[in-house]
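Asker: here's my sequence, what's the structure:
(2 chains)
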Amino acid sequence: MRTENQKAWFFVLPVLALVAFNALIPMMTVVNYSVQETFGNNQFFWEGLGWFEQILRSDRFQAALGRQFLFTALILMIEVPLGIIVALSMPRKGFWVPVCLVLMALPMLIPWNVVGSMWNIFTLPQIGLLGYFLNDVLGINYDMTQQPISAWITVVVMDVWHWTSLVVLLCYAGLVSIPDAYYQAAKIDGASPWSVFRYIQLPKMKTVLTIAVLLRFMDSFNIYTEPFVLTGGGPGNSTTLLSIDLVKIALGQFDLGPAAAMSLIYFAITLLVSWVFYTLMTKDDAP
Amino acid sequence: MIELQDATKRVGNVNHIKPTNLTLQTGHFNVLLGATGSGKTSLIKMMAGLDPIASGKVLMDGQDVTRLNTQKRQISLVHQFFVNYPHMTVFDNIASPLRVAGMAKSEVEGRVEEAADLLQLRPMLHRRPHELSGGQQQRTALARAIAKESCAVFLDEPLANLDYKLREELREQLPDLFAGRGAVVVYATSEPEEALLLGGYTALMEDGRVTQFGPTSSIYRNPENIAAARVFSDPPINVAHISVSGAQAQLVGGGGWTVTGMADGEYTVAVRPHRVTPYRTSEADVELTGRVIVTELSGSDSSAHFQHGEDAWVSLASGVHAYQVGEDHSFYMNPAHCRYFSQDGKRVA
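Answerer: Numbers count the residues shown, from 1 in each chain, chains lettered A, B, ... in the order given. The predicted model follows:
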């Protein structure tokens, strides 16, 4: 006979407490702010879904969201294929493997703040190495503090420099885990290098590639520090991505209600896109 | 026909495969038998062209293929673990080498279906490998090898990762599957019993060299050296020391018989356990008396381990025999079944 008891709840309690403190309670605070208006003094007035409506209708939010999607799309389109190509060209054994791995890992080890500062100093038109080289040596009119296009290129290139390594390392891990036997089978069949990539390497990399795209999507969609340090969202608002805009509203203008509503919309979009992507990729999953 | 002529393979600066001469005939089922690390897979890779050979030659049907690419050698390889293209159906997997070769669609279909029927894969043709059991995945790999109709089929421990029952089933089918297909079949295994069950020819491998090659039954009956004699036997073959003087062999622990054609000296004698029985089988039998140490009943066979002088002997007899552990018993051995080896392990008679 099995006796029923409620002991299981007891074991779940520590996890519940942890999740409550690091996610549920902060999140509920944001939910609380998003439906109320406050003028300080801890006085709150019920606002309903007003802030949500205001945010969703505002041109400023739509523009920032548009820039955010453009940025994420650009870096995914560059980093994923580039990461695969680099991973494919890395050696599989021998002396150069650890050298390549360390070189690849280096950009990721640098604090985000420092990455922003580095690229800022590197690309400043008069004093930066790259800025000087482009303007005064090659004669290209480049100024990321004045021209939106220059600023965008700089932000995207900085992110590619910083994060392609993640895609490379994940793909590389996927590649080296393919047993030699598959390559031998392909060799015996007389398969072309493209067929080997298409029918062996790509399917075998699918799982890690899904993770890589997911991580890069979430990270780039929530990116704040590097572009903030590099351009501060400028020139004008041209590189003001969603999180930069959010911080401006929340801490610059101290509009807590609209900022909270915006955070929740932001969160919902990230969650929705990630979920749709993951579901599609794992629909008919092969191990 | 595949011929190896003084073929070697080096790993670092060690000769991993010592100079090897081997001729494998078309239509024969050839077993490469040896322990892990004895060089079976290396030899297969050399013949398949997956690994370069350091010196010597590889010939297929009389043609020198030493420098020929793998894909031009018309071969198939089935691995120990199941290698199929993960995102292709079973049909596409079996068809893949035919399509690469540019075969017409109708012929591809015919060949795939024939191979699928042989391996009972027809209901699974539209599934993907990960939806199949291990046995079905390996049958898909075998079907690919059959459909390709290559000159040589290499099977590198193809049954090792299957469970017991599937292994037995597939092992029974294997020789029939490839019979009459005009291919040299090479099957690597580390289990002597498999070689006996599969029949055909066996190449014994040890430490990077082929120590004996021939029909499996003749290797069993006439091992060329003491190592080959030890390969097929469960319980282990009896090995004892004798001294021969004036055509008279004398066991160290007592018991003697007449031998012919052997010079005086020290020798090793080997005799299989089922030739040592607790009852007399012929007039020529030599009686060995020894203290019984361990007895075992396996099915309807009785085995007894006994100490005879300095040598430990095993007797295996059908029927249930009552042995008293710790007591002396008499066992009988017909010297006609003895094989003699010199001190360095070479067969002398």
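
Asker: just the CA trace of the host helix or strand of residue A:182, in CSV.
Answerer: Here residue A:182 sits within helix A:180-189, counting by DSSP states H and E. The C-alpha coordinates for helix A:180-189 follow below in CSV (Å, rounded to 0.1, in the frame of the first residue of the first chain):
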residue,chain,number,x,y,z
ASP,A,180,35.0,9.6,-38.1
ALA,A,181,32.8,6.7,-39.3
TYR,A,182,30.4,9.2,-40.9
TYR,A,183,33.2,10.9,-42.9
GLN,A,184,34.4,7.5,-43.9
ALA,A,185,31.0,6.4,-45.1
ALA,A,186,30.7,9.6,-47.1
LYS,A,187,34.1,9.0,-48.6
ILE,A,188,33.2,5.5,-49.6
ASP,A,189,30.0,6.8,-51.2
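
Asker: right, and residue B:316 touches residue B:297 too?
Answerer: No - contact criterion CB atoms under 8 Å: residue B:316 and residue B:297 do not qualify, at 11.2 Å. Every C-beta, even on glycine, is put in place using the N, C-alpha and C of the backbone.

Asker: what's the burial count for residue 93?
Answerer: Going with chain A. 7 (other CB atoms under 10 Å in any protein chain shown).

Asker: the intended chain is chain B.
Answerer: 27.

Asker: residues in contact with the closest residue in space to it that isn't next to it in sequence?
Answerer: Nearest residue to residue B:93 in three dimensions, chain neighbours excluded: residue B:84, at 4.8 Å (CB to CB, 6 or more residues apart in numbering or on different chains). By CB atoms under 8 Å, 6 or more residues apart in numbering or on different chains, residue B:84 lies in contact with B:90, B:93, B:129, B:137, B:140, B:141, B:144.

Asker: name the nearest residue to the residue in chain A positioned nearest to chain B, ignoring sequence neighbours.
Answerer: Distances between chain A and chain B by CB to the nearest CB are smallest at residue A:190, namely 3.4 Å. The shortest distance from residue A:190 to any non-neighbouring residue, by CB to CB, 6+ apart, is to residue B:71 (3.4 Å).

Asker: count the neighbours of the one you found for me.
Answerer: By other CB under 10 Å, neighbour count at residue B:71 equals 17.

Asker: quick check: residue A:5 vs residue A:15, distance?
Answerer: The gap separating residue A:5 from residue A:15 is 19 Å, by CB to CB, to the nearest Å.

Asker: following element in sequence after the helix or strand harbouring residue A:18, please.
Answerer: Using DSSP H and E, residue A:18 maps to helix A:7-19. Using DSSP H and E, the helix or strand that follows helix A:7-19 towards the C-terminus is helix A:25-34.

Asker: off-centre distance for the helix or strand just after that following helix?
Answerer: Downstream of helix A:25-34, the first helix or strand assigned by DSSP H and E is strand A:36-38. In terms of CA atoms, centre = their mean, to the nearest Å, the centre of strand A:36-38 is found 31 Å from the chain centre.

Asker: show me what secondary structure element comes after strand A:36-38.
Answerer: Next along from strand A:36-38, by DSSP H and E: strand A:44-46.

Asker: who are the packing partners of that following strand?
Answerer: Applying 3 or more CB pairs under 8 Å, 6 or more residues apart in numbering or on different chains; DSSP states H and E, one finds that strand A:44-46 contacts strand A:36-38.

Asker: chain A contacts on chain B?
Answerer: Contacts of chain B with chain A, taken as CB under 8 Å from any CB of the partner chain, map to B:48, B:50, B:70-72, B:75-77, B:79, B:81, B:83, B:85-88, B:96-97, B:100-101, B:128-130.

Asker: the residue of the stretch 101-250 of chain B found nearest chain A: neighbouring residues, count only.
Answerer: Closest contact between the stretch 101-250 of chain B and chain A, by CB to the nearest CB, is at residue B:130 (4.5 Å). When counting by other CB under 10 Å, one arrives at 13 neighbours for residue B:130.

Asker: now swap in the one 5 residues further on and tell me
Answerer: Burial measure for residue B:135: 20 neighbouring residues, criterion other CB under 10 Å.

Asker: SS state for it?
Answerer: helix (DSSP: H, G, I helix; E, B strand; the rest coil).

Asker: CA atoms only: put stretch B:293-310 into PDB for me.
Answerer: C-alpha atoms of stretch B:293-310 as PDB (Å, rounded to 0.1, in the frame of the first residue of the first chain):
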ATOM      1  CA  ILE B 293      40.200 -29.000  -8.100                       C
ATOM      2  CA  VAL B 294      37.100 -27.500  -9.600                       C
ATOM      3  CA  THR B 295      34.100 -29.100 -11.300                       C
ATOM      4  CA  GLU B 296      31.400 -27.500 -13.400                       C
ATOM      5  CA  LEU B 297      28.200 -28.600 -15.000                       C
ATOM      6  CA  SER B 298      27.200 -26.700 -18.100                       C
ATOM      7  CA  GLY B 299      24.000 -28.000 -19.600                       C
ATOM      8  CA  SER B 300      24.600 -31.700 -20.100                       C
ATOM      9  CA  ASP B 301      28.400 -31.300 -20.100                       C
ATOM     10  CA  SER B 302      30.700 -31.900 -17.200                       C
ATOM     11  CA  SER B 303      34.100 -30.300 -16.900                       C
ATOM     12  CA  ALA B 304      36.700 -31.000 -14.300                       C
ATOM     13  CA  HIS B 305      39.900 -29.100 -13.700                       C
ATOM     14  CA  PHE B 306      42.600 -31.300 -12.300                       C
ATOM     15  CA  GLN B 307      46.200 -31.000 -11.300                       C
ATOM     16  CA  HIS B 308      48.600 -33.400 -13.100                       C
ATOM     17  CA  GLY B 309      52.200 -32.900 -12.000                       C
ATOM     18  CA  GLU B 310      52.900 -29.100 -12.400                       C
END
